[in-house]
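Participant: sequence and predicted structure are below.
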Amino acid sequence: MKALLIIFVFLFASGLGAANFSKQVSGKPELIQNGPEKTRCHHCGMSLPMFYKTSHAVILKDGEKRQYCSIACLAAEYPEIRGRIKTVLVVDAKTEKLIPVQNAHYVVGSKIRGTMAAVSKIAFGSLDDAKAFQKRYGGEITDFEHAFEMTKHSGMKH
């Protein structure tokens, strides 16, 4: 019983710093997919508005657009689409706008729980915004390539 109490206190305390951050969209989400499943992750079906601040999108060379709840779901489909990708986008967690991943600064391993992965990866268009988030929630600042490689090698959490 004492061990269970210690585990509960640890889990509760470790989540306290993350209580003020929500992955949900606060305004109107930028959803680029078409069709009846527009609001669902192309890979796993999770709600894009619920996990909007970790979502990624691709525009394929044939014009098809796909959106994912996380970098993990993008990584899961990557082998299928790798040669067909024209553009990869990510939601800037501060502005809630889609930006090219080349312009993103990822905070990896913060106190925020990961979306479909054990380790969180949250992107910002501004380095200052990433640093402010890091100061509050911890983690390491990196670029898309590093965050994506980490994700591909760690696998998905179900």
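Facilitator: Received the coordinates, thanks. Nothing here was measured: the structure is a model prediction, and the numbers come from that model.
Participant: can you give the distance of the longest strand anywhere in the chain from its chain's centre?
Facilitator: Under DSSP state E, the strand in the chain containing the largest number of residues is strand 85-91. When distances are taken as Cα atoms, centre = their mean, to the nearest Å, strand 85-91 is centred 13 Å away from the chain's centroid.
Participant: beta partners of Q67?
Facilitator: Beta-bridge pairing for Q67 (DSSP bridges): A57.
Participant: what do you get for E140?
Facilitator: V108.
Participant: surely it is in contact with V108?
Facilitator: Yes. Using Cβ atoms under 8 Å, E140 makes contact with V108 at a distance of 5.2 Å. (Glycine included, C-beta is placed from N, CA and C.)
Participant: who's more crowded, these two?
Facilitator: The neighbour comparison of E140 against V108 (other Cβ atoms under 10 Å) goes to V108, with 20 against 14.
Participant: the protein: strands as residue ranges?
Facilitator: Using DSSP E, strands in the chain cover 56-60, 65-68, 85-91, 98-100, 105-108, 121-124, 140-142.
Participant: need these in CSV with mean pLDDT, can you?
Facilitator: Below are the strands of the chain laid out as CSV (pLDDT from 0 to 100):
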stretch, mean pLDDT
strand 56-60, 98
strand 65-68, 98
strand 85-91, 98
strand 98-100, 98
strand 105-108, 98
strand 121-124, 98
strand 140-142, 98
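Participant: please work out which of those is packed deepest.
Facilitator: Burial of the strands of the chain is given as mean neighbour count (mean count of other Cβ atoms under 10 Å); strand 121-124 ranks first at a mean of 28.
Participant: packing partners for that one?
Facilitator: On a contact count with 3 or more Cβ pairs under 8 Å, 6 or more residues apart in numbering; DSSP states H and E, strand 121-124 meets strand 105-108, helix 127-137, helix 144-154.
Participant: how about these, which one is nearest I85?
Facilitator: helix 144-154 (11.8 Å; Cβ to Cβ).
Participant: name the residues of that closest one that are buried.
Facilitator: For helix 144-154, the neighbour count (16 or more other Cβ atoms under 10 Å) marks 144, 147-148, 150-151 as buried.
Participant: so in that sheet, which strands flank the longest strand of the chain, and in what orientation?
Facilitator: By DSSP bridges, strand 85-91 pairs with strand 56-60 (antiparallel), strand 98-100 (antiparallel).
Participant: any low-confidence regions in this protein?
Facilitator: By pLDDT under 70, the weakly predicted segments of the chain are 1-19, 155-158.
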